[in-house]
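K.L.:
Sequence and computational prediction follow.
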Amino acid sequence: MNSASLRTWLALRAVRGLGDAAVCQLVRAFGSPEAVRAATRDALMSVGGVGGLLAERIQRGPDRETLQAIERELSTLERLRLSVVTVQDAAYPARLKAIYDPPPLLYVSGTLTEADGYAVAIVGSRRATPAGRALTEQLSRDLASAGLTIVSGLARGIDAAAHRGALEVKGRTVAVLGCGIDRTYPPEHQALRRQIEANGAVLTEFPPGASPHGYHFPRRNRIISGMCLGVMVTEAAFRSGSLITARLAADQGREVFAVPGSVKVETSRGPNGLIKQGAKLVETVEDVIEELLSLVEAPFQTRLRDYLDARAGTPTQTPPRLGPEEASICELLSAEPTHVDEIIEKSGLPPATVSGLLLALELKGALRQLPGQFCIRL
């Protein structure tokens, strides 16, 4: 987009009292932001929700201070070589465009493609359990392998696991930020962000320099759900931003999926509550894909069916051959994380022996070692 056109978009968006829905409504009514700025007061007031005062502000345009801020923003975008997609552009996500209040502008690093029209959001707790992260990565890998784009919020915990799962199979993934495009939050995810940009996109509605304020994230969540066919919550506390995303998804007519968990685990209360309210219970990737088949066009539907057929036809993997001590260690493990100290205590074996057995079992694909010296059986 040329700077003159973007300058007009930014000037229109800067009008005090003019929300996202009104900006999009005006641009649809008049054809372009330039036409909106040139419209008469009466013509502007003919659009629902635009009163006399707001029409005058649109005609008057930004004050000097706002114009200077717009010029600084344009300079930053040019210097960092960042792109901006407007709600009128072909690259703008089609499903997001259809929600009540789509952001008029999206700041993008990386690349949005037509493939992102078939996306599933995976969200959840920042304080995810090791088992929750592992399961999220697995579901994300499977969905990305089927050709679906994985959308999440780059946050710690479940969000990061969702992005990483897609990246492991070289699938597409999109991160939606609650801050300016020139910032990474949390900062320790800078390397993850670079991987996402190389295999998808990072985007936000907030201008460069915007801090990750708490009130930005509910707005960010409507973009996550709005871009997607459905939203899956894998772990979340009872009062959680992830549940806001699920509610927004339901309001937007999207599918809502939830992974059940133990009633004794706090991060299972959110998904379990969603299931009580009618969310689709998810145990495997098939549960998600079967629900999405009727929502996609024939060519992609065929692709999803082929993926399900391939999974159904995959021979069951031969269990690894285990020695007596290896088998006894496996008997102490389950799908829930078990700490190494507990394994040592229950097995009665020396710590060095247990450590060697765990490594051998991991190499055989019988278990997975998690951060914090936990293990789960596969």
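P.N.:
Nice, thanks for sending it over. Numbers count the residues shown, from 1 in each chain.

K.L.:
Show me the helices in the stretch 101-250 of the chain, by range?
P.N.:
Remark: helices assigned in the stretch 101-250 of the chain by DSSP state H, counting those that start in this stretch are 130-145, 158-168, 190-198, 216-226, 241-251.

K.L.:
Can you point out the buried residues in the last one?
P.N.:
Read it as helix 241-251. 241-250 (16 or more other CB atoms under 10 Å). C-beta coordinates here come from the backbone N, C-alpha and C atoms, glycine included.

K.L.:
can you check the shortest one too?
P.N.:
With burial defined by 16+ other CB under 10 Å, the residues of helix 190-198 counted as buried are 192-193, 196.

K.L.:
still on that earlier bit, for Val15, which of the helices of the stretch 101-250 of the chain is the nearest?
P.N.:
Closest to Val15 of the helices of the stretch 101-250 of the chain, according to CB to CB: helix 216-226, at 18.1 Å.

K.L.:
With Glu362 as the reference, measure out to Glu137.
P.N.:
From Glu137 across to Glu362, the span is 16 Å (CB to CB, to the nearest Å).

K.L.:
Neighbour count: these two, which is higher?
P.N.:
Glu137 (22 against 14; other CB atoms under 10 Å).

K.L.:
which ones are touching the residue lying closest to the more buried one once chain neighbours are set aside?
P.N.:
Using CB to CB, 6 or more residues apart in numbering and skipping the chain neighbours, the partner closest in space to Glu137 is Gly165 (3.8 Å). Going by CB atoms under 8 Å, 6 or more residues apart in numbering, Gly165 touches 136-141, 144, 150.

K.L.:
Pull up the gap between Glu266 and Ser145, please.
P.N.:
Counting by CB to CB, the gap from Glu266 to Ser145 is 31 Å.

K.L.:
These two: which has the busier surroundings?
P.N.:
The neighbour comparison of Glu266 against Ser145 (other CB under 10 Å) goes to Ser145, with 18 against 15.

K.L.:
OK, contacts around the closest residue to the more buried one other than its chain neighbours?
P.N.:
Counting by CB to CB, 6+ apart, Ser145 lies nearest to Val169, which is 5.1 Å off, once chain neighbours are set aside. Val169 makes contacts with 141, 144-145, as judged by CB under 8 Å, 6+ apart.

K.L.:
From Gly124, how far off is Val169?
P.N.:
From Val169 to Gly124 the distance is 20 Å (CB to CB).

K.L.:
before we move on, back to that, so for the residue nearest to Ser145, what pLDDT did the model give?
P.N.:
Per-residue pLDDT puts Val169 at 96.

K.L.:
what phi and what psi does the backbone show at it?
P.N.:
phi -110, psi 20 (degrees, to the nearest 10).

K.L.:
So that it lines up with my notes, have the first residue be 77 from now on.
P.N.:
Got it, first residue is 77 now, which makes that one Val245.
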